[in-house]
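Student: Okay, here's the prediction I keep looking at, along with the sequence it came from:
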Amino acid sequence: MSVKYVAEPFRIKMVEPIKMTTPEERLEKIKEADYNLFSLASEDVYIDLLTDSGTGAMSQEQWSAMFIGDEAYAGGRSYRKLLKAGEDVFGYEYIQPVHQGRAAEKILMPLLLEEGKFAISNMHFDTTRAHVILAGGRAIDNIVPEGKKPEVRSKFKGNMDVAKLEALIAEKGVENIGMIIQTVTNNSAGGQPVSMQNMRDLYAVGQKHGIVVCIDAARHAENAFFIKRDEAEFKDWAIKDIVKEMFSYGDVITMSCKKDFNVNMGGILAVKDAVANDALIQSIKASCINYEGFYTYGGLSGRDLEAMAVGIYQYMDEDYLAYRIGQMEYLAGRLDEAGIAYQAPVGGHGVYVDAKALFPHIPYTEFPGQVLAVELYKEAGIRTCDIGSYMIGNDPDTNEQIESEFEFTRLAIPRQVYTQAHFDVMADALIAIKERAHTIKRGYKINWEPPILRHFQSKLEPIE
Ligand code: F0G
């Protein structure tokens, strides 16, 4: 029996029409886009699952707060509202607003990393990896072994391998480790959650060696939901208290607020102890002024700060989180019935279909995750992305294609946007592709690529 869809804890007040296209039109459009889904016009997409970032439908409380945004260049009231909310929810004394998550990375990484230094993460998101490299450092992914096995259904597959973290510190030399990054949830591994115990253990290692622990917090509320559901110690805790406890196991936060604050734009860079970290905060402010704008608006409008200061509270609501995670479970349940493999159990913000399992005959050098992404567009006008070798790119030292641990196609689910019927369109499309998967013999080659973050812009061609 399939998983029951959890009914929406909201009703819809405004709608955005979307266009249905014919299969012939889609073949033409994807060819014109050089088989890169980022190059499609969004009107040519029926269901847009490219990302859950900044694509959500905000609440009436967020929209109405935007009208009272203070657009002062310096010292704005909306900034102070966000500072207060950030201290209340995260327990961090300094909150630097920035325009989105990667802006926080751009400011922080050069302050902690340089040539010869390493960042060790449970898994770096693509922009995080890029900013580690741009700062001169090198990124090491260190996830628990079960996180690399889509078919192994265990809890907290996003965890850092803490024993291996100790070994890596010993191997590279403690003086060469610039930072430890705990990504919650672990996006690149399928939105898999991290346990509180893992956060505790990791922080103890950071404290012992005097290494800064950064929490990449894009999806902290979804992570807290999994902790409450699956970690016995927290079953009676409020999500807000779990969130506070999670952030006690870090020194700094980089966060794309476009995910779990459900805003269309915004990010933060937060520092826990303002007195002990005064020098770091001064450097952050200086860098923010250079790159983002004065430190009390950080590249955002006052109205954006207002929407963030509401979203920080609103999306810790348990009924909302049960509905949100329920959507992933509904789609995963339909895939289970059809025997389609994905990173299981399903994570927080999307379903990561195991394209390697669907196309075992297509090698990583021909990008199975991208093959499935293109097929989903051709089949039903659904836009997704590769989270695999195509995204991970080339080794910065050898320029060789890196073989990713996974070849996923990610169906990332925007917040409060699609209905159960849309989820059935997704499942039906995947089932139809599975039936003809053996007829798709080859993948893609890249005709042009930029040196970093290539998946956004590359031009591809099917190998005949
Ligand atoms: N860290 C994580 C874990 C992310 O998922 C993202 C963005 C970022 C940092 C960068 O934040 O986009 O606001 O600059 N993830 C989006 C995604 C883009 O589609 O997964 P940003």
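Tutor: Right, received. Where do you want to start? Numbers count the residues shown, from 1 in each chain.

Student: So which elements touch whichever helix in the chain runs longest?
Tutor: Looking across the chain with DSSP state H, the single longest helix is helix 318-338. Packed against helix 318-338 by the contact rule (3 or more C-beta pairs under 8 Å, 6 or more residues apart in numbering; DSSP states H and E) you find helix 220-230, strand 350-354, helix 420-436. All C-beta spots, glycine's among them, are computed from the backbone N, C-alpha and C.

Student: quick one, it and helix 220-230 angle?
Tutor: 70 degrees (axes from the mean of the first three to the mean of the last three C-alpha atoms, to 10 degrees).

Student: Would you mind getting the angle between helix 318-338 and helix 420-436?
Tutor: Using the same axes, to 10 degrees: helix 318-338 against helix 420-436 is 30 degrees.

Student: coming back round to it: just the helices and strands packed on helix 318-338: most buried one?
Tutor: Of all these, strand 350-354 carries the top mean neighbour count, a mean of 30, counting by mean count of other C-beta atoms under 10 Å.

Student: Is there proximity between that strand and the ligand?
Tutor: No - Strand 350-354 stays out of contact with the ligand when judged by C-beta under 6 Å from any ligand atom, the minimum separation being 8.4 Å.

Student: Give me the angle between that strand and helix 420-436.
Tutor: Going by the same axes, to 10 degrees, strand 350-354 makes 10 degrees with helix 420-436.

Student: CA atoms of strand 350-354 as CSV?
Tutor: C-alpha atoms of strand 350-354 as CSV (Å, rounded to 0.1, in the frame of the first residue of the first chain):
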residue,chain,number,x,y,z
GLY,A,350,13.9,16.2,-2.2
VAL,A,351,14.0,12.7,-3.6
TYR,A,352,17.4,11.8,-5.0
VAL,A,353,16.8,9.1,-7.6
ASP,A,354,19.7,6.6,-8.1
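
Student: List, one by one, the residues from the stretch 151-300 of the chain near the ligand.
Tutor: Applying C-beta under 6 Å from any ligand atom, we find that the stretch 151-300 of the chain lies next to the ligand at 183, 187, 216, 218, 256, 258, 267.

Student: coming back round to it: now the longest helix of the chain: buried residues?
Tutor: Residues 320-321, 323-336 are the ones in helix 318-338 that count as buried (16 or more other C-beta atoms under 10 Å).

Student: Same question for stretch 384-403.
Tutor: Under 16+ other C-beta under 10 Å, the buried positions of stretch 384-403 are 384-393, 396, 401.

Student: Quick check: phi and psi on the residue lying closest to residue 454 once chain neighbours are set aside?
Tutor: Closest residue in space to residue 454, ignoring its immediate chain neighbours: residue 393 at 5.2 Å, by C-beta to C-beta, 6 or more residues apart in numbering. As for residue 393, its main-chain torsions (degrees, to the nearest 10) stand at phi 80, psi -150.

Student: Residue 393 against residue 404, yeah?
Tutor: No - assessed by C-beta atoms under 8 Å, residue 393 is found out of contact with residue 404, at 9.5 Å.

Student: Adding secondary structure and pLDDT, write the residues of the stretch 151-300 of the chain next to the ligand out as CSV.
Tutor: What follows is these, written out as CSV (DSSP: H, G, I helix; E, B strand; the rest coil; pLDDT from 0 to 100):
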residue, secondary structure, pLDDT
183, strand, 98
187, helix, 96
216, strand, 98
218, coil, 98
256, strand, 98
258, coil, 98
267, strand, 98
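
Student: where's the closest residue to residue 51 other than its chain neighbours relative to the ligand, distance?
Tutor: Ranked by C-beta to C-beta, 6+ apart and with sequence neighbours excluded, the top spatial neighbour of residue 51 is residue 412, at 5.0 Å. Remark: distance between residue 412 and the ligand (C-beta to the nearest ligand atom, to the nearest Å) = 6 Å.
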